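Colleague: Output the structure for:
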Amino acid sequence: MEGQSVERSLRLQVAVEGVYAYCVRTLRAHESAEKISVELYRGSGRLRVCVTHCGPGGEFDAMLADGRIEEIRRTSFEALGLVIAGEMVESLTFDAHFDLGLGENRKRFQLEIAV
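Modeller: Numbers count the residues shown, from 1 in each chain. Presented below is the predicted three-dimensional model:
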């Protein structure tokens, strides 16, 4: 990331990889071929990364939606990736909603850090 330390950039990279791996595992478990999108937004001194897919939900989605990331048991690589992601960034949130424009359910993970 431009203007950031190497350590801070690597922390964000590890966090995004953890969330992405969780999404891939969820989609593969349901034999879904949905795409995963990763978008970056920068403004107001913050960097936000959104990881989104339209496939089925994962086993830890409800805990993430309720902000209970500390309750996720580290029983798999993906679970550990989510826990590490939560520790690497200032905020990790999840929401699921129906997108009227696309006509499909969307699952969105947001990671935020100050820049």
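
Colleague: so what secondary structure elements neighbour the lowest-mean-pLDDT helix or strand in the chain?
Modeller: When the helices and strands of the chain are scored by mean pLDDT, DSSP states H and E, helix 77-88 comes last with a mean of 86. Here helix 77-88 touches helix 6-29, strand 91-99, going by 3 or more CB pairs under 8 Å, 6 or more residues apart in numbering; DSSP states H and E. The way it works is simple: take the backbone N, C-alpha and C, and place the C-beta from them, glycine included.

Colleague: which one of those lies closest to residue 82?
Modeller: For the helices and strands packed on helix 77-88, the distance to residue 82 is smallest for helix 6-29, at 5.4 Å, taking CB to CB.

Colleague: circling back: what residues does the least confident helix or strand of the chain touch?
Modeller: 11-12, 14-19, 21-22, 25-26, 60, 64, 69-70, 72-74, 92, 111 (CB atoms under 8 Å, 6 or more residues apart in numbering).

Colleague: what do you get if the cut-off is 6 Å, keeping everything else the same?
Modeller: 11, 14-15, 18-19, 21-22, 25, 69, 72, 74, 92 (CB atoms under 6 Å, 6 or more residues apart in numbering).

Colleague: which of those sit farthest apart?
Modeller: 11 and 25 (21.7 Å).

Colleague: Give me the helices and strands touching the lengthiest strand in the chain, please.
Modeller: Ranked by number of residues, the top strand in the chain under DSSP state E is strand 104-114. The contact analysis (3 or more CB pairs under 6 Å, 6 or more residues apart in numbering; DSSP states H and E) places strand 104-114 against strand 46-53, strand 91-99.

Colleague: rewinding a little: between strand 91-99 and the least confident helix or strand of the chain, find me the angle.
Modeller: For helix 77-88 against strand 91-99, the angle by axes from the mean of the first three to the mean of the last three CA atoms, to 10 degrees is 120 degrees.

Colleague: how distant is helix 77-88 from the center of its chain?
Modeller: What separates the centre of helix 77-88 from the centre of its chain is 10 Å, taken as CA atoms, centre = their mean, to the nearest Å.
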